[in-house]
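Asker: starting from these lines, generate the structure:
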Amino acid sequence: MGDPSTGYRPAGISVRVLPAPVQRMSVDLLLTVADGANVSTVTTQAQAACVDYLSSLGAGAPAYIARVIDAVMDVSGVINVRAQRPSSTDLAIDQYTLSPRHIIRAGTVRAITSTTGG
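Answerer: Coordinates of the predicted model:
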């Protein structure tokens, strides 16, 4: 192997380090926001919670919708969330990587809000 303290490696060994291919996941978050909560702040924080979860995934790790929902439900002022496919009424589904090398990252994350009205 080579001497790690000198940075040398045996001749004839070719080393290539490639970034993991990125697979984008887009989702619409239908949020119910508590009365009195700042809708703009809650919306921004909910989107950030989704993006943060997806950014935490390692190579080959699937994105579970239940974990997206858990992350968004931890945002103060969110009392309910439904994750849907973008611009659709179909529920979002878990996303699996195309290969063990791929990583899932956020595509378009939209938060659509309503208040409880009570």
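Asker: chain center to stretch 21-33, what's the gap?
Answerer: From the chain centre to the centre of stretch 21-33 is a distance of 7 Å (CA atoms, centre = their mean, to the nearest Å).
Asker: now V72: which helix or strand?
Answerer: helix 65-73 (DSSP states H and E).
Asker: show me where this structure has its strands.
Answerer: Per DSSP state E, the chain carries strands over the ranges 22-33, 78-84, 103-115.
Asker: if we can go back for a sec, hey, C-alpha coordinates of the helix holding V72 in CSV?
Answerer: C-alpha atoms of helix 65-73 as CSV (Å, rounded to 0.1, in the frame of the first residue of the first chain):
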residue,chain,number,x,y,z
ILE,A,65,-42.0,9.8,3.4
ALA,A,66,-42.8,9.0,7.0
ARG,A,67,-39.4,10.5,8.0
VAL,A,68,-40.2,13.6,5.9
ILE,A,69,-43.5,13.9,7.7
ASP,A,70,-41.8,13.4,11.1
ALA,A,71,-39.3,16.2,10.3
VAL,A,72,-42.0,18.6,9.2
MET,A,73,-44.2,17.8,12.2
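Asker: check contacts around Y64.
Answerer: Shown in contact with Y64 (CB atoms under 8 Å, 6 or more residues apart in numbering): D94. Backbone N, C-alpha and C define where each C-beta goes, glycine included.
Asker: picking that back up, out of the strands of the chain, which is closest to L54?
Answerer: strand 103-115 (4.6 Å; CB to CB).
Asker: tell me what angle the closest one forms with strand 78-84.
Answerer: Interaxial angle, strand 103-115 versus strand 78-84 (axes from the mean of the first three to the mean of the last three CA atoms, to 10 degrees): 130 degrees.
Asker: within the sheet, what are the partner strands of the lowest-mean-pLDDT helix or strand in the chain, with directions?
Answerer: Every helix and strand in the chain was compared by mean pLDDT, DSSP states H and E; the lowest is strand 103-115, with a mean of 93. Partner strands and pairing direction for strand 103-115 (DSSP bridges) are strand 22-33 (parallel).
Asker: show me the residue at the heart of this structure, geometrically.
Answerer: Nearest to the mean C-alpha position of the chain, by CA atoms, centre = their mean, lies L54 at 2.1 Å.
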